[in-house]
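Colleague: quick check, what structure comes out for this input:
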Amino acid sequence: MTPGAHCTFCDIIQGAAEVSVCYEDAVTLAFMDIQPVNPGHVLVAPKAHHESLLDLPAALAAELFAVATKLAPIVRAAARAEGLNLVVSSGAAAGQDVYHFHIHLIPRMKGDGFEIALPFPGSPIPDRTTLDAMAARIIGAQRDPMRRAR
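Modeller: Predicted coordinates:
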């Protein structure tokens, strides 16, 4: 699915598609992923359409992450998992394929074959000057009076 295209998650939220809901409140819907990494894989999404993390209002992001952290131990226990990944993919380059913001809660078991290898084995360790320069760019962008407010 490409940005701006028909939204399957909006269909789900509006009751126009099948879904297995595991949590709902005024602004959030959490439901079972139909192609789970492991049993118990849950998606937490806002009812309002926001394509990515960059489009999400800060207050709504806080509510969604609060729901995710509330559900995390419940999902882990229900799935009898040894661990849990919380994953957000924002943008095509990050692997996002449904352009309605959502958080994955993925129950994990040792040896399940799903890998999010961090630190990434192909990443060289940059020198401190490079890290400091990027930190300075990020700090500068936060202080930029011309930066668009969210």
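Colleague: okay, the most far-flung residue of the chain relative to its centre: pLDDT?
Modeller: In the chain, counting by Cα atoms, centre = their mean, T129 sits farthest out from the average C-alpha position, at 30.9 Å. Turning to T129, the model gives it a pLDDT of 96.
Colleague: what are the buried residues along whichever helix or strand L64 is part of?
Modeller: Secondary structure here is read from DSSP states H and E; on that basis L64 sits in helix 58-78. With burial defined by 16 or more other Cβ atoms under 10 Å, the residues of helix 58-78 counted as buried are L60, A61, E63, L64, V67, A68, L71, A72, V75, R76. Bear in mind the C-beta positions are built from the backbone N, C-alpha and C, glycine included.
Colleague: hang on, I106 is in a strand, isn't it?
Modeller: Yes. The assignment for I106 (DSSP: H, G, I helix; E, B strand; the rest coil) places it in a strand.
Colleague: in this structure, where is pLDDT below threshold?
Modeller: For the chain, the stretches flagged by pLDDT under 70 are 1-4, 147-150.
Colleague: what about the helices in it?
Modeller: 8-13, 58-78, 128-143 (DSSP state H).
Colleague: tell me which of these sits nearest to A93.
Modeller: Comparison of those against A93 by Cβ to Cβ identifies helix 128-143 as nearest, at 17.8 Å.
Colleague: now that closest one, how far from the centre of its chain.
Modeller: Here helix 128-143 shows a centroid-to-chain-centroid distance of 25 Å under the convention Cα atoms, centre = their mean, to the nearest Å.
Colleague: E82: neighbour count?
Modeller: If you count neighbours by other Cβ atoms under 10 Å, E82 ends up with 12.
Colleague: for the residue nearest the centre of the chain, give me its contacts.
Modeller: Compute the mean C-alpha point of the chain, and by Cα atoms, centre = their mean the closest residue is V88, 2.3 Å away. If a contact means Cβ atoms under 8 Å, 6 or more residues apart in numbering, then V88 has L53, F101, H102, I103, H104 as its contacts.
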